[in-house]
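Q: Let's see this in three dimensions:
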Amino acid sequence: MMSRPAHRRVSRVILLDPEDRFLLLKTHSPNLLVPRTRWITPGGGVEDHESHAEGAIRELFEETGLLIESVGDPIWAISSESVFNDGHVQTTYSEFFVVHTDNFQPVNDNWMANEFLDISDIRWWTKPELASSSEKYSPEPLFELIDKAIALR
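A: Sure thing, here's the model as predicted:
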C-alpha cells in the first residue's frame, strides 16, 4: 500500500489560449472515495523544496509539455479534504495560477507512470461546451476562475 502524507500542497494552472479555451485533464483517481472521474486543471503536488509557483511551472511542463519561466500570483486558493478507499483522510491546500498561451497540442512525454493510469483524456474546452456537457469537473467555481483569468489578459 502506498504511504500518503496527512497534508498535501498542490498547485494548479488555469491555462488559456487566445480564444479563451482552457485546458483540462480527465482523471479517474481510482484510490479516491469521491469524486472519481472528473476534469481538472493541469497541476499537482508541490515538492517539499518548491514554492507553489515553482510547483505550478514544473507540473505544467510534466503534464502538457509547455515550458514557461514564471507564473504570477495565485488568483485563488482552497483548503480541502480527500478521503481514500482505505479510509485515509488527506488535507490539501491548493493554489491556482493563470497562464495565457498560444494554442498547442499537449504531449505526455513527461508523464509519470501513475499519470498514464490516471489521465484518460486532455483537451481544450470552452465554457459553453463544458456547461452543456454532463461531465464532472473540479474545482466547483471553475467558471468563475476562468472569468478571472480572462479578465487578467
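Q: Give me the distance between stretch 125-133 and the centre of its chain.
A: 17 Å (CA atoms, centre = their mean, to the nearest Å).
Q: What is the end-to-end distance of that stretch?
A: The first and final residues of stretch 125-133 sit 11 Å from each other (CA to CA, to the nearest Å).
Q: got it, and stretch 66-81?
A: Stretch 66-81 has its terminal residues 29 Å apart, counting by CA to CA.
Q: Mean confidence (pLDDT) on stretch 106-118, please.
A: The average pLDDT for stretch 106-118 rounds to 93.
Q: Check the offset of that stretch from the chain's centre.
A: Taking CA atoms, centre = their mean, one finds stretch 106-118 lying 13 Å from the centre of the chain it belongs to.
Q: Just the buried positions in it, please.
A: Buried residues in stretch 106-118, defined by neighbour count with 16 or more other CB atoms under 10 Å: 106, 111, 118. All C-beta spots, glycine's among them, are computed from the backbone N, C-alpha and C.
Q: can you tell me the average pLDDT over stretch 29-38?
A: Averaged over stretch 29-38, pLDDT sits at 81.
Q: What of stretch 75-91?
A: So the average pLDDT for stretch 75-91 ends up being 92.
Q: just stretch 15-22 next, same as before
A: Taken as a whole, stretch 15-22 carries a mean pLDDT of 98.
Q: now do the same end-to-end measure for that stretch.
A: End-to-end distance for stretch 15-22, by CA to CA: 5 Å.
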